[in-house]
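**Student:** Predicted model and sequence below, questions to follow.
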Amino acid sequence: MSTPLRVGAPTGWRGWLLDPAPASRNQARLGRWYRAWLAFHRNGLAMTGLVIVAALVLAAIFAPLLADRELAFHQVLEDRLQDFSWLHPFGTDELGRDIYARVVFGSRITLTIVGLVSIIVLPVGLGIGLPAGYFGGWIDSVLMRITDIFLAFPRLVLALAFAAALGPGIENAVIAISLTAWPPYARLARAETMTRRHAEFIEAAQLQGASSFRILLTQIVPLCLPSVIIRLTLDMAGIILTAAGLGFLGLGAQPPLPEWGAMVSTGRAVLLDQWWVATIPGTAIFIVSLGFNLLGDGLRDLSEARSG
Amino acid sequence: MTEAPLLSVRNLRVVYPGDDGDFRAVRNVSFTLGRERLGIVGESGSGKSTTGRAIMGLIASPGRVEADHLQLGDTDLSTITEAGFRKLRGKRIAMVLQDPKFSLDPVMSVGKQIAETHRYHFRSSRKAARQAALEMLAAVHIRDPERVYDQYPHQVSGGMGQRIMIAMMLIAGPDILIADEPTSALDVSVQQQVLTIMDEMVKSRGMGLILISHNLHLVSSFCDRVLVMYAGQIVEVCDAGKLHEAQHPYTRGLLAALPELGHRRAELPQLQRDPAWLIDLPAAVGTAA
Amino acid sequence: MTAPRGWVRQIAGLIRRIAGLLGSVSLTFLGLTCVTFVIGRVIPIDPVIAIVGEKATRSTYERVFKELNLDRPIPEQYWIYLKKILHGEFGTSLMTAHPVLSDLLRVFPATLELSVSALIVGVCFGIPLGVVAATHKGRWPDQIVRFGSLLGYSMPVFWLGLVGLLIFYAKLGWVEGPGRMDVSFDDIVPTVTGMITVDSLLAGEDEVFWNAMSHLVLPASILGYLSLAYVARMTRSFMLSQLRQEYVLATLAKGLSPFRVVWIHALGNVWVQLVTVIALTFGSLLEGAVLTETVFAWPGLGLYMKNSLFAADLNAVIGGTMLIGVVYIVLNMLSDVIYPLVDPRARTRK
């Protein structure tokens, strides 16, 4: 709708979506999503990130269709360290396995690690941050002091020490990464909770006799989630890099699993003669973590634009 | 007024492009300023501050400033380059902002910040600039300039901060001062003091003052002439003393909503807005008075 | 308020701040020892076997079991552990048969040399790039810096190191390869600081210095790029929030050039926040050093820890973790101490 203050306003369904005075709640909600999508869409980098992350997920789901499982795991020693060819688009490794197929199947490991870490980190972070922010006082002091201690550690080194004590393997790498990744979420959840603790709708719920647990779960968690999810998207890249770093050091997934970091590590031996063995899986790590970073960045810009 | 105006503005527009069309924050604004005290009143969002910033050339992109005519003394502001504009700011036209807590650089001593203006416009030596800054501090009635010179903004009170701000803005001797809500962040007890000092400085230097405020009382008692802005345009111009004769229903509504000492009223009337006030007015309205 | 009284109050404030700082530092340190204790003594299925091996006799096993105080309750074990750590006893490394502490002191200077060089690269390029990005928000310089720092965020450092070696060492031959210097230069300069570039300059051995520099430049640039990415990104976002402040408008209204407004006024305020960022960056550089040192065969803390990991040398791993944790704590403390130097608001109270 054009007012004397606005000229050249859009019409038709766009006009309906972008109407500054929506007539119904649904129109307002759809309009908000549409505006967000417009802003996101205009951000080329964020779109690139979305495409990369979508490609990773699709590759992991349809890995058997995209590459031959046999080529990824079966050792053909007479075919070892081959250059690029039609049969082996990215050549073969020191055991004659197809690098392309291994990279495709490796996406499943990467996605598994990322998924497991998020499943552990979110409840732990929220479980510590929400009560700290909601109850305040000594509960807050104790919980936050614990969080600070974990924050005071360098992540990879702590994960390294954990992995060393627990022994190598994907599960232990996931536990090690999770143990070092939760503190920022606790902090974030606490901050979000504190700003809403005295909101009127919370007080209304308290007056109606809702338990603290219920209020946290039904009122505060949904409000915290957007910022926590954005943070998680941004963190994904770091998680992938830490996992790959552990793999590279030999503390993550064990052979013959096609974990990208471990693949880089084995390729090191032949770096100067067969450069692709180490660099192709490394490129995969790089592209995927870039994708998550771009996506997270775009989402954060969006949330900042909406709140600011 | 026979002498040439210090500032003349014809059909000033400030436009912000957006998803849902261009937003016209300021439109059809025309007025002239002589060696006088001109008030601009309006509610928040009426475009009064934006008008001040547009004259200073301080509208950040993507905002655009357009005008049929924008003249500062003998300089045409609409054709000038950014570098040219920079020489005018502080030297010919300066601005005092609302809250000294935020408008002074927190990590530089206040004296340095005043001296900086002097150094930049006169290419003066460190020593000369310091001397000028100390004199300026004394001129705004600061008792111990030497001590205050080395203090940081968080160490001075609001009223003192605003006087420092005035000193910083006037040290290069501008012809026009735009004061954007200069007292609304201050304690009531020091508001009058700051206004008096500002008035004193403006009078003794023969400057023109534009006082931007939401406070109708303040503007009408302090200024010579008042522009009333609503939704980005000037809806009315009156002499400050004749404000009660105002014609526009918005101005009348504002006046009616003010409490008065003599008349006790159980309830102040609420301002009723008429969508007709949004319609574009002829650009000449500001120069009509 | 007269001047001397002001001084007294400042000093009193300083003492109070230091006391608070020491309190929080010692608490964090306690936490650190707790975590390393748990990693070293509680998590491993059997710490004795880790030391004596699977084939040890029963009597050896029991002797070590007693030596490790594993027969005592866990709180007491922790107390003993804490006392040892405070005396600088991290146990003996299985791999080198030296006390872990002396091993750590021997390898740490190499890591320090690498990470300080990287930090210099990161700060000297990261801050200006972040400022330029902020002042050109949304335009091409901003896009380039943002994208460039995102690349840095996204790159696995070990992969970047390998690619760097491949291009600049193997293909172009611009720099020297892995290691801190050529083997022929070993043991020429006496160890003073443990940092070869510094020691060779002290000894006046130009040739050694340039050789060491040539070995240092690639790993330092690669690590430096990662810290640059972080520093530039944080500088950009701090700068953007400063540029929205009223004082920026006021400073422009005085007629100052945007250059001065940005680089003196806004950046002056950004420094306050950057101090903490730089401290954090340095911490993350130590972390990146573990991987970089592995790639570049750089005989520092990272390589030492990595080798210890595979020798199942838990004492050495925990000692290394402890050292890095302590450096973290010291860095945080330093940033708290430096803070008032750049922020007058922290220096003086009204």
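**Tutor:** Received, thanks.

**Student:** the helices in the stretch 51-200 of chain B, which residues?
**Tutor:** With DSSP state H, counting those that start in this stretch, the ranges of helices along the stretch 51-200 of chain B come out as B:82-88, B:100-103, B:110-122, B:126-139, B:145-149, B:158-170, B:188-204.

**Student:** My reading is that residue A:94 lies in a helix. Confirm?
**Tutor:** No: Residue A:94: not assigned to a helix; according to DSSP: H, G, I helix; E, B strand; the rest coil it is coil.

**Student:** center of chain C - which residue?
**Tutor:** Nearest to the geometric centre of chain C sits residue C:283, at 3.1 Å (CA atoms, centre = their mean).

**Student:** Tell me where the longest helix sits in chain A.
**Tutor:** Secondary structure of chain A per DSSP state H: the longest helix is helix A:99-135.

**Student:** what about that one and chain C, touching?
**Tutor:** No: counting by CB under 8 Å from any CB of the partner chain, chain C has no neighbours in helix A:99-135; the shortest distance is 11.7 Å. All C-beta atoms are positioned from the backbone trio N, CA, C, and that covers glycine.

**Student:** try stretch B:63-74
**Tutor:** No: applying CB under 8 Å from any CB, one finds stretch B:63-74 separated from chain C by no less than 13.3 Å.

**Student:** So what touches that stretch?
**Tutor:** B:4, B:6-17, B:25, B:54-55, B:57, B:59, B:76-78, B:88, B:92-93, B:175-176, B:283 (CB atoms under 8 Å, 6 or more residues apart in numbering or on different chains).

**Student:** Run a quick neighbour tally on the one residue in the stretch 51-200 of chain A that gets nearest to chain B.
**Tutor:** Using CB to the nearest CB, the closest approach of the stretch 51-200 of chain A to chain B is made by residue A:195 at 22.0 Å. If you count neighbours by other CB atoms under 10 Å in any protein chain shown, residue A:195 ends up with 11.

**Student:** ok, back up a step: would you mind finding the most buried of the helices of the stretch 51-200 of chain B?
**Tutor:** Comparing those by mean neighbour count (mean count of other CB atoms under 10 Å in any protein chain shown), helix B:158-170 ranks first with a mean of 25.

**Student:** how far off helix B:188-204 does it point, in degrees?
**Tutor:** For helix B:158-170 against helix B:188-204, the angle by axes from the mean of the first three to the mean of the last three CA atoms, to 10 degrees is 20 degrees.

**Student:** what's the angle from helix B:158-170 to helix B:110-122?
**Tutor:** Using the same axes, to 10 degrees, helix B:158-170 lies at 20 degrees relative to helix B:110-122.

**Student:** show me what contacts residue 265?
**Tutor:** Using chain A here. A:247, A:248, A:249, A:250, A:278, C:158.

**Student:** meant chain B actually
**Tutor:** residue B:259.

**Student:** Any stretches of the stretch 101-250 of chain B with poor pLDDT?
**Tutor:** For the stretch 101-250 of chain B, no stretch has pLDDT under 70.

**Student:** To clarify, my last question referred to the stretch 51-200 of chain C.
**Tutor:** For the stretch 51-200 of chain C, the stretches with pLDDT under 70 are C:51.

**Student:** any idea how far residue C:226 is from chain B?
**Tutor:** Here residue C:226 is placed at a distance of 29 Å from chain B (CB to the nearest CB, to the nearest Å).

**Student:** no, scratch that, I was asking about residue A:300
**Tutor:** For residue A:300 relative to chain B (CB to the nearest CB), the value is 20 Å.

**Student:** Tell me, how many residues neighbour the residue nearest to that residue when sequence neighbours are not counted?
**Tutor:** The shortest distance from residue A:300 to any non-neighbouring residue, by CB to CB, 6 or more residues apart in numbering or on different chains, is to residue A:230 (5.2 Å). Applying other CB under 10 Å, we find 21 residues neighbouring residue A:230.

**Student:** Assign residue A:246 to helix, strand or coil.
**Tutor:** Look at residue A:246: counting by three-state DSSP, its state is helix.

**Student:** for it, what are its contacts?
**Tutor:** Contacts of residue A:246 (CB under 8 Å, 6+ apart): A:156, A:159, A:160, A:163, A:173, A:176, A:177, A:252, A:261.

**Student:** Mind checking which of the residues you listed are buried?
**Tutor:** Buried members of those, scored by 16 or more other CB atoms under 10 Å in any protein chain shown, are A:156, A:159, A:160, A:163, A:173, A:176, A:177, A:252, A:261.

**Student:** In JSON lines: those, plus distance to chain B and secondary structure.
**Tutor:** Shown next, in JSON lines, are these (distance: CB to the nearest CB, whole Å; DSSP: H, G, I helix; E, B strand; the rest coil):
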{"residue": "A:156", "distance to chain B": "35", "secondary structure": "helix"}
{"residue": "A:159", "distance to chain B": "39", "secondary structure": "helix"}
{"residue": "A:160", "distance to chain B": "40", "secondary structure": "helix"}
{"residue": "A:163", "distance to chain B": "44", "secondary structure": "helix"}
{"residue": "A:173", "distance to chain B": "45", "secondary structure": "helix"}
{"residue": "A:176", "distance to chain B": "42", "secondary structure": "helix"}
{"residue": "A:177", "distance to chain B": "39", "secondary structure": "helix"}
{"residue": "A:252", "distance to chain B": "46", "secondary structure": "coil"}
{"residue": "A:261", "distance to chain B": "43", "secondary structure": "helix"}
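
**Student:** about what we covered before: can I get the contacts of residue A:265 in JSON lines including distance to residue A:202 and neighbour count?
**Tutor:** Below are the contacts of residue A:265 laid out as JSON lines (distance: CB to CB, whole Å; neighbours: other CB atoms under 10 Å in any protein chain shown):
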{"residue": "A:247", "distance to residue A:202": "44", "neighbour count": "31"}
{"residue": "A:248", "distance to residue A:202": "47", "neighbour count": "31"}
{"residue": "A:249", "distance to residue A:202": "47", "neighbour count": "25"}
{"residue": "A:250", "distance to residue A:202": "50", "neighbour count": "19"}
{"residue": "A:278", "distance to residue A:202": "54", "neighbour count": "25"}
{"residue": "C:158", "distance to residue A:202": "47", "neighbour count": "29"}
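
**Student:** nearest to chain B, of the residues you listed?
**Tutor:** Distances from chain B to these, taken by CB to the nearest CB, are shortest for residue C:158, at 40.4 Å.

**Student:** That closest one and residue B:275, how far apart?
**Tutor:** According to CB to CB, to the nearest Å, residue C:158 and residue B:275 sit 66 Å apart.

**Student:** what's the helix or strand for the residue nearest to residue B:248 when sequence neighbours are not counted?
**Tutor:** Leaving aside its sequence neighbours, residue B:248 sits nearest to residue B:236 (CB to CB, 6+ apart; 4.1 Å). Residue B:236 belongs to strand B:233-239 when elements are defined using DSSP states H and E.

**Student:** before we move on, the earlier item: tell me which other helices or strands the strand or helix carrying the residue nearest to the centre of chain C touches.
**Tutor:** With elements taken from DSSP H and E, the one containing residue C:283 is helix C:267-296. Secondary-structure packing of helix C:267-296 (3 or more CB pairs under 8 Å, 6 or more residues apart in numbering or on different chains; DSSP states H and E): helix A:155-166, helix A:221-248, helix C:100-135, helix C:157-164, helix C:206-243, helix C:301-310, helix C:314-342.

**Student:** ok, residue C:234 - contacts?
**Tutor:** Residue C:234 makes contact with C:130, C:273, C:274, C:277, according to CB under 8 Å, 6+ apart.

**Student:** So for the helix holding residue C:283, mean pLDDT?
**Tutor:** Across helix C:267-296, pLDDT averages out at 86.

**Student:** just for chain A, where's the confidence low?
**Tutor:** Scanning chain A for pLDDT under 70 picks out A:1-9, A:305-308.

**Student:** just checking, residue B:260 is part of a helix?
**Tutor:** No: assignment of residue B:260 by three-state DSSP gives coil, placing it outside any helix.

**Student:** Any figure for the gap between it and chain A?
**Tutor:** 33 Å.

**Student:** One more: residue B:127?
**Tutor:** To chain A, residue B:127 is 44 Å away according to CB to the nearest CB.

**Student:** Thanks again, I'm all set now.
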